[in-house]
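Just a sequence and a predicted model for now, questions to come.
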2 protein chains.
Amino acid sequence: MSPPCPDRALVRVQDLTPDKADQLIWLRARVHTSRAKGKQCFLVLRQQQFNVQALVAVGDRASKQMVKFAANITKESIVDVEASVRKVEQKIESCSQQDVELHIERIFVVSQAEPRLPLQLEDAVRPDGEGEEEGRATVNQDTKLDNRVIDLRTTTSQAIFRLQSGVCQLFRDTLTKKGFVEIQTPKIISAASEGGANVFTVSYFKTSAYLAQSPQLYKQMCICADFDKVFCVGPVFRAEDSNTHRHLTEFVGLDIEMAFSYHYHEVIESITDTMVQIFKGLRDNFQTEIQTVNKQFPSEPFKFLEPTLRLEYTEGVAMLREAGVEMGDEDDLRSEHLARTYDTDFYVLDKYPLAVRPFYTMPDPNDLKYSNSYDMFMRGEEILSGAQRIHDAQLLTERATHHQIDLEKIKSYIDSFRYGAPPHGGGGIGLERVCMLYLGLHNVRQTSMFPRDPKRLTP
Amino acid sequence: MSPPCPDRALVRVQDLTPDKADQLIWLRARVHTSRAKGKQCFLVLRQQQFNVQALVAVGDRASKQMVKFAANITKESIVDVEASVRKVEQKIESCSQQDVELHIERIFVVSQAEPRLPLQLEDAVRPDGEGEEEGRATVNQDTKLDNRVIDLRTTTSQAIFRLQSGVCQLFRDTLTKKGFVEIQTPKIISAASEGGANVFTVSYFKTSAYLAQSPQLYKQMCICADFDKVFCVGPVFRAEDSNTHRHLTEFVGLDIEMAFSYHYHEVIESITDTMVQIFKGLRDNFQTEIQTVNKQFPSEPFKFLEPTLRLEYTEGVAMLREAGVEMGDEDDLRSEHLARTYDTDFYVLDKYPLAVRPFYTMPDPNDLKYSNSYDMFMRGEEILSGAQRIHDAQLLTERATHHQIDLEKIKSYIDSFRYGAPPHGGGGIGLERVCMLYLGLHNVRQTSMFPRDPKRLTP
């Protein structure tokens, strides 16, 4: 099959450089801005983060009517233009293509935008506070999210979500190289394995079901089924009524689970190395995107150590107390203090008190007050929670009973370990949090294309 | 951080070859079978699809007690053994490692399996009908699925899901190379965009929401937001009470959407080329997995053409009528007849009658009875449905009205196209169906790790 071969190939804006000078080309782009001035109309034509200046001028090639037509094309409309590429004497500072402009000979509207835009792209990318004295607007987050299809066209949004796509790819490529297998786990489940709090209920034909709060049980079943090392990328659902900068009711989980030989630190090492590969890949391949986001939201470059810093929970608590932070022995531990002390934006806290972790967490065999569990932090905020899991049905039953969990409800979970299960551990990472914190942003809704929280279900 | 370095490195079964002869090694594996015979105990030790024969014999290295201990280890238990590798004179036909056996000196049980297994692995991989005269059992599908954690250990299951992991990777790698961006779309949505049939309802705090039947609206919004070419991989939910070999209520959608320059056949070409790259990648890199599955479920190798065969719907109907198949002009068209005629297991049917397609499908500008839509078929069964989408808000409103769809409910969908939208099209592929049909299997539950249908929500 060969699709109809058009007699006019479309050129990309980013390819408009002086070596195309004096060529006649076809281009499809959005009208970013338009400004009529006497017998001329200046347009800026945009494709994603790239734009170029274009000119329609009354003369041999264009009539007065055509200039008027061009001047009346609404912003954000999509046009096809035939134009000759011209080198310019003076760099066009306001465009990505600074060395050329287009002299338009023909122009067609492919798709017309309504004249009143719900938000202006230039307002949506203005850094907070900038241009306030001139009365220039910024756009608040709800307006951006309500009109996401326009907000996503900004250079900032394009950069954020291209980087996010990169995080997923780096995560999978690193793990695939390490011998991990990708699995697909069900999101509709019959029982809420962790007791039923914070779980969404689904009507399922004549019965009820739930949305999975994590793929953990299924990852573990795959380990018990000899897949050895697995990962999955998929939605995770939390019916938590938390209206904070870091909580979503639906987010993308990057999940890892693996059997280990002798010590659960093998798992920590696999996960931290995966994170380091992601950080390096972003630093080396997404510098343009990082710089673009920084223009609107300035932040320090993300710092990490090799090997990754690992502290025990008690050390962390002691350090914070010394620094004057008040906290109990079993308090949740989040702090930028540790990051500053060690000059790293990524570290692991290991050996949490057993009492604060879920029932399936393996107790520390050397001190039953603690557990073989860990959290990982970026810029002082938690991005991963993980642990060695109990792989013995009897111990699991004891711990569930201790937590007063209804054994009947977790029977199939416990039964998974009755037919030989290797020691294993893992963890789950929130994609949106990783992107937010890597870029030094302050709200997880900025790194979720279509965020879901207790108050937002649209678009 | 360096995890405790054990003084004994574990060897993989697949690496047990004659070049390791007379070495003393440590190995962790499952007890696949065990057979005591006088002063000896023969074990087969298994890791995934690989296994090796091992021997404990009364002598210098092993006591009578140790042989007895080994003989009593239950099948599927996980053991650590220290053993010397020995070359064998005669190939061990029943094992994957045919040239060596292990002489065990020490053996520890890492995790003990309960003595009564709910199914036997050798029964679960037996081809239908084989060994019936000797009274050998096969295992029915519900028993397999009820005990999935054991069933997934079989060579057949290991091969199916490693191949499935490969399909996802090939899909993404091919599209990434073509310049597509991966997106993450929400699964909890506020309105059922296609009218509300076959949609699961979710309790969402004090209101109700739905599970997305496809990521289509969100893919399209990304096109309207200048991402140009996007793909996503994620769960898709259908509240359809269909109990067939090819329907699941939750499956994994491989979704594509792209802007095109001049003709929607550019989209068909991108999708069919992606499929061809997947078929080639599987053929070239997953031959072991294909052969393994074929042992239990024999099938012909998957045939495809380059370029992919594309027929118009009316041509297909005419051919079937000629072959004596009775059907109306607007009947859904699935048939192995076309595949046989053209000697290909993969083809496209193009230009479906407008009346049988959803409201957002672009009518054929040359004949309004038809539409710019297509289905793709593997071994005669549909695996993808797609189309050029209407990108004009006014035409979309007219078509929705014609379909008697409540405009209020799809307002945000229609509004997405009001601010400039390029011509675009796409489609969604069912991962489980692609794997089933590529391998010539006959039930989509075989290619879903934890299938969901109207009657199955567990494990």
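Cool, got the structure. Values in this document were obtained by computation on a predicted structure and should not be read as measured data.

Burial check on whichever residue of the stretch 251-400 of chain A sits closest to chain B, number of neighbours?
With CB to the nearest CB as the measure, A:H265 is the residue of the stretch 251-400 of chain A nearest to chain B, at 3.3 Å. Every residue, glycine included, has its C-beta placed from N, CA and C. Using other CB atoms under 10 Å in any protein chain shown, A:H265 has 21 other residues around it.

How about A:R283?
For A:R283, the count of nearby residues is 14 (other CB under 10 Å).

what's the answer for the one 4 residues further on, then?
Neighbours of A:Q287 under the rule other CB under 10 Å: 11.

Just list the residues touching A:A323, thanks.
Residues near A:A323 by CB atoms under 8 Å, 6 or more residues apart in numbering or on different chains: A:H337.

Wait, A:V58 touches A:Q65, no?
No - if you go by CB atoms under 8 Å, A:V58 and A:Q65 don't touch, sitting 9.4 Å apart.

Is any residue of the helix or strand bottoming out on mean pLDDT in chain A near chain B?
When each helix and strand of chain A is scored by mean pLDDT, DSSP states H and E, helix A:336-342 comes last, with a mean of 76. No - applying CB under 8 Å from any CB of the partner chain, one finds helix A:336-342 separated from chain B by no less than 12.5 Å.

any residue of the helix or strand following that helix up close to chain B?
Following helix A:336-342 in sequence order, the next helix or strand is strand A:346-350 (DSSP states H and E). Yes - Strand A:346-350 comes into contact with chain B (CB under 8 Å from any CB), by way of A:V348.

cool, and stretch A:394-411?
No - Stretch A:394-411 lies out of reach of chain B by CB under 8 Å from any CB, never closer than 10.2 Å.

How far off centre is that stretch?
The chain centre lies 36 Å from the centre of stretch A:394-411; the measure is CA atoms, centre = their mean, to the nearest Å.

Kindly check the end-to-end length of it for me.
From the first residue to the last, stretch A:394-411 extends over 12 Å; the measure is CA to CA, to the nearest Å.

Could you check how sure the model is about that stretch, as an average pLDDT?
The average pLDDT for stretch A:394-411 rounds to 92.

buried set for the least confident helix or strand of chain A?
Using 16 or more other CB atoms under 10 Å in any protein chain shown as the burial criterion, the residues of helix A:336-342 that qualify are A:337-339.

Stretch A:373-393 too?
Result for stretch A:373-393 [16+ other CB under 10 Å]: buried residues A:373-379, A:381-393.

In helices, which of those appear?
Among the buried residues of stretch A:373-393, DSSP state H puts A:A393 in helices.

and the buried residues of stretch A:373-393 near chain B, which?
Of the residues in the buried residues of stretch A:373-393, proximity to chain B by CB under 8 Å from any CB holds for A:391-392.

what are the ranges of the helices in the stretch 251-400 of chain A?
Ranges of helices in the stretch 251-400 of chain A, per DSSP state H, counting those that start in this stretch, are A:265-285, A:287-296, A:313-322, A:336-342, A:393-402.

Quick one: residues contacting A:V85.
A:16, A:20-23, A:25, A:100, A:102.

List phi and psi for the residue nearest to it when sequence neighbours are not counted.
The shortest distance from A:V85 to any non-neighbouring residue, by CB to CB, 6 or more residues apart in numbering or on different chains, is to A:K20 (4.5 Å). Torsion angles at A:K20 (phi, psi; degrees, to the nearest 10) stand at phi -90, psi 10.

nearest to A:P423, of the helices of the stretch 251-400 of chain A?
The minimum distance between A:P423 and those falls on helix A:265-285, with 9.6 Å, by CB to CB.

Quick one: work out the angle between that closest one and strand A:346-350.
Interaxial angle, helix A:265-285 versus strand A:346-350 (axes from the mean of the first three to the mean of the last three CA atoms, to 10 degrees): 170 degrees.

Pull out the buried residues from helix A:265-285.
Buried residues in helix A:265-285, counted by 16+ other CB under 10 Å: A:265-272, A:274-279, A:281-282.

again with stretch A:134-153
Neighbour counts over stretch A:134-153 (16+ other CB under 10 Å) mark A:138-139, A:144-153 as buried.

sorry, back to before: what's the least confident helix or strand of chain A in contact with?
Helix A:336-342 has contacts (CB under 8 Å, 6+ apart) with A:305, A:309, A:311, A:316, A:319-320, A:323, A:325, A:345, A:347, A:377, A:379-380.

quick one: which of the residues you listed is nearest to A:S190?
Among the contacts of helix A:336-342, A:F377 lies closest to A:S190 (CB to CB), at 34.2 Å.

so how far is A:T314 from that closest one?
The gap separating A:F377 from A:T314 is 16 Å, by CB to CB, to the nearest Å.

re the thing from before, filter the contacts of A:V85 down to the ones in strands?
For the contacts of A:V85, membership in strands holds for A:25, A:100, A:102, with DSSP state E as the criterion.

top of these by neighbour count?
Per-residue neighbour counts (other CB under 10 Å) across the ones in strands among the contacts of A:V85 peak at A:L102, which has 26 neighbours.

How about the contacts made by that one?
A:16, A:25, A:27, A:45, A:52-55, A:81, A:83-86.

Need the pLDDT of the residue nearest to A:V85.
Model confidence at A:K20 (pLDDT) stands at 96.

before we move on, what about A:G328?
At A:G328, the model reports a pLDDT of 61.

same question, A:M1
Reported pLDDT for A:M1: 43.

One more: A:S193?
Looking at A:S193, its pLDDT reads 59.

ok but A:F161 is inside a helix, no?
Yes - with DSSP: H, G, I helix; E, B strand; the rest coil as the criterion, A:F161 is part of a helix.

Setting the sequence-adjacent residues aside, check what's closest to it.
The shortest distance from A:F161 to any non-neighbouring residue, by CB to CB, 6+ apart, is to A:M449 (6.2 Å).

can I assume the one you found is in contact with B:C222?
Yes - counting by CB under 8 Å, B:C222 is a contact partner of A:M449 at 7.5 Å.

quick one: which of these two has more around it?
Between A:M449 and B:C222, counted using other CB under 10 Å, the more crowded position is B:C222 (27 against 24).

who touches that one in this structure?
Residues near B:C222 by CB under 8 Å, 6+ apart: A:152, A:449, B:181, B:183, B:230, B:257.

Output these in TSV, with pLDDT, secondary structure and distance to B:A9 appended to each entry.
Putting these into TSV (pLDDT from 0 to 100; DSSP: H, G, I helix; E, B strand; the rest coil; distance: CB to CB, whole Å) gives the following:
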residue	pLDDT	secondary structure	distance to B:A9
A:L152	98	coil	50
A:M449	97	coil	45
B:V181	97	strand	42
B:I183	98	coil	42
B:V230	98	strand	45
B:E257	98	strand	48
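
Which residue ranges of the stretch 301-450 of chain A form strands?
Listed in chain order, the strands of the stretch 301-450 of chain A (DSSP state E, counting those that start in this stretch) span A:309-312, A:346-350, A:373-378, A:381-389, A:424-430.

Which one of these lies nearest to B:T207?
Going by CB to CB, the one of the strands of the stretch 301-450 of chain A nearest B:T207 is strand A:424-430, 24.5 Å.

what residues does that closest one touch?
Residues outside strand A:424-430 that contact it (CB under 8 Å, 6+ apart) are A:171, A:214-216, A:219-220, A:223, A:236, A:251-260, A:264, A:267, A:271, A:275, A:362, A:372, A:374, A:376, A:383-389, A:391, A:444.

For that strand, buried residues please.
Quick answer for strand A:424-430 (16+ other CB under 10 Å): A:424-430.

Stretch A:115-132 too?
By neighbour count on 16+ other CB under 10 Å, the buried set for stretch A:115-132 is A:117-119, A:121, A:123-126.

Can I get the helix or strand where A:V233 lies in CSV? Just the C-alpha atoms.
Per DSSP H and E: A:V233 is located in strand A:229-237. C-alpha atoms of strand A:229-237 as CSV (Å, rounded to 0.1, in the frame of the first residue of the first chain):
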residue,chain,number,x,y,z
LYS,A,229,12.8,-9.7,38.1
VAL,A,230,9.8,-7.8,36.9
PHE,A,231,8.7,-4.2,36.3
CYS,A,232,5.4,-2.5,35.3
VAL,A,233,4.3,0.9,34.4
GLY,A,234,0.7,1.7,34.9
PRO,A,235,-2.0,3.7,36.7
VAL,A,236,-2.4,3.4,40.5
PHE,A,237,-5.5,4.6,42.3
